[in-house]
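S.K.: Got a sequence here, can you build the structure:
(one chain, ligands or ions: 2)
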Amino acid sequence: MSHHALEFQQLRKTFRTLRGPVEALRGLDLQVRAGEIFGYIGVNGAGKSTSIKVLLGLIRATSGTARVFGLAAGSLAARKKIGYLPEVANYHEFMSAAELLRVHARLAGVPRALQAERCQDALEVVGLSHRQHSRISEYSKGMKQRVGIAQALVSDPPLLILDELTSGLDPFAQRDLRDILLRLKERKITVFFSSHHMSEVEAICDRAAIIHDGTLRACGTISELTENRERVEMDWDGEGVERPLAEIPSSGLLSLEHSQSSEFVQKALGHGYRLRRLAIQRTTLEDVFHNLTRGGAACSPS
Ligand SMILES: Nc1ncnc2c1ncn2[C@@H]1O[C@H](COP(=O)(O)OP(=O)(O)O)[C@@H](O)[C@H]1O
Ligand SMILES: [Mg+2]
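M.R.: Ligands and ions are numbered 1, 2, ... in the order given. Predicted structure coming up:
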């Protein structure tokens, strides 16, 4: 039987704080398949990092379960499956990438005989081989992010968890990142990354989940998340129409949901309107995200 790379079932986490309890996760359900590049989207405070920390065993859930390839999250066996890039990663800037990776390979328990090869391999995947002996203090933000990915890769894990992978990166660095993730996918590594940059998630991942207020609001491929939400914009000429339709304003411009548009076009033509222009407005992940997170209705997971 094959397991999901990661899985949350009714995960709850309540932090006890001086201001009272904070319910960070309120019954989160999620399944990520092995081999997927999966985008984990939510506004600040949605619960992304909290759920990731539960997966890593850095904090304990209040109730519910979290599993990594079928193993209980937090167990040594589960932790060994994960390479992790934290949300805020601070490296010893005086070190070179090559030195830093050696330290991490040792910490991750990579056998001594394999360490050099693993480090070289990780640097190569993230495209830093040629700069591996420069100090990290000399690296750009994008390069530092890549060092972070290399660090997470050094133990050769089947699951990579990257928290806030893309924050603060310029479009070129984002593009590089996308190529790196695709290379990892070829190696059958499951990549789970959190982000609040919709356009990147849209470009990079196989599936995505939107979480809000500690629960799952939507999950699916980008087309599943955006389909049937397209809008059709129409520009009608109603000059001389005898029985005008109330739906068509005097300006003649109208925007309708895709599912309602074809019937409406028939009707308007029947009434003698002439269609000047018709354009399909593709719904972006950003639109869906805004609808689901601005207090909008929760939608059931697919
Ligand atoms: N250690 C903590 N103590 C108290 N509250 C916390 C702690 N960690 C996170 N929270 C709260 O839990 C909620 C979810 O936070 P987080 O998981 O960091 O969100 P995200 O990563 O999606 O931005 C927020 O309201 C945050 O303030
Ligand atoms: Mg976070």
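
S.K.: Which strands or helices does the one helix or strand residue 181 maps to pack on?
M.R.: Assessed by DSSP states H and E, residue 181 sits inside helix 171-186. Judged by 3 or more C-beta pairs under 8 Å, 6 or more residues apart in numbering; DSSP states H and E, the packing partners of helix 171-186 are strand 37-41, helix 112-125, helix 141-153, strand 190-195, helix 198-204. Where C-beta positions appear, they are placed from N, C-alpha and C, glycine not excepted.

S.K.: what's the closest of these to ligand 2?
M.R.: Among the helices and strands packed on helix 171-186, strand 190-195 comes nearest to ligand 2, with 6.3 Å by C-beta to the ion.

S.K.: Direction included, what does that closest one pair up with?
M.R.: strand 37-41 (parallel), strand 159-162 (parallel) (DSSP bridges).

S.K.: Using JSON lines, lay out the ones you listed together with distance to residue 63 and mean neighbour count.
M.R.: Below are the strands paired with strand 190-195 laid out as JSON lines (distance: least, C-beta to C-beta, whole Å; neighbours: other C-beta atoms under 10 Å):
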{"stretch": "strand 37-41", "distance to residue 63": "21", "mean neighbour count": "26"}
{"stretch": "strand 159-162", "distance to residue 63": "22", "mean neighbour count": "23"}
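
S.K.: Now render the helices and strands packed on helix 171-186 as TSV, adding mean pLDDT and distance to ligand 1.
M.R.: Shown next, in TSV, are the helices and strands packed on helix 171-186 (pLDDT from 0 to 100; distance: least, C-beta to the nearest ligand atom, whole Å):
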stretch	mean pLDDT	distance to ligand 1
strand 37-41	95	9
helix 112-125	94	26
helix 141-153	91	17
strand 190-195	94	7
helix 198-204	83	14
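
S.K.: out of the ones you listed, nearest to residue 159?
M.R.: Nearest to residue 159 among these is strand 190-195 (4.7 Å), distances taken as C-beta to C-beta.

S.K.: about what we covered before: would you turn the strands paired with strand 190-195 into TSV with distance to ligand 2?
M.R.: Output for these, formatted as TSV (distance: least, C-beta to the ion, whole Å):
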stretch	distance to ligand 2
strand 37-41	10
strand 159-162	11
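
S.K.: Please identify which of those is closest to residue 208.
M.R.: When the strands paired with strand 190-195 are ranked by proximity to residue 208 (C-beta to C-beta), strand 37-41 comes first, at 3.8 Å.

S.K.: Alpha carbons of the closest one, in CSV - could you do that?
M.R.: Provided in CSV are the C-alpha atoms of strand 37-41 (Å, rounded to 0.1, in the frame of the first residue of the first chain):
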residue,chain,number,x,y,z
ILE,A,37,5.0,19.7,-6.1
PHE,A,38,2.4,21.1,-3.7
GLY,A,39,1.7,24.7,-2.9
TYR,A,40,0.4,25.6,0.5
ILE,A,41,-1.3,28.9,0.4
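
S.K.: what angle sits between it and helix 171-186?
M.R.: 130 degrees (axes from the mean of the first three to the mean of the last three C-alpha atoms, to 10 degrees).

S.K.: if I look at the nearest residue to residue 84 once chain neighbours are set aside, how far off is residue 268?
M.R.: Spatially, and ignoring its direct neighbours in sequence, residue 84 is nearest to residue 161 (5.0 Å; C-beta to C-beta, 6 or more residues apart in numbering). Going from residue 161 to residue 268 by C-beta to C-beta, to the nearest Å gives 51 Å.

S.K.: and if you look at residue 193?
M.R.: Taking C-beta to C-beta, one finds residue 193 at 45 Å from residue 268.

S.K.: Same drill for these two, tell me which one is more crowded.
M.R.: Comparing residue 193 with residue 268 by other C-beta atoms under 10 Å, the one with more neighbours is residue 193, at 27 against 20.

S.K.: which residues touch that one?
M.R.: 37, 38, 39, 40, 160, 161, 162, 163, 165, 166, 181, 205 (C-beta atoms under 8 Å, 6 or more residues apart in numbering).

S.K.: repeat that with 6 Å
M.R.: Taking C-beta atoms under 6 Å, 6 or more residues apart in numbering, we find residue 193 in contact with 162, 165.

S.K.: Also residue 55?
M.R.: Contacts of residue 55 by C-beta under 6 Å, 6+ apart are 66, 73.

S.K.: What residues are bridge-paired with the most centrally placed residue in the chain?
M.R.: For the chain, residue 39 is the residue whose C-alpha lies nearest the centre (C-alpha atoms, centre = their mean; 1.9 Å). Note on residue 39: beta-bridge partners by DSSP bridges are residue 193, residue 208.
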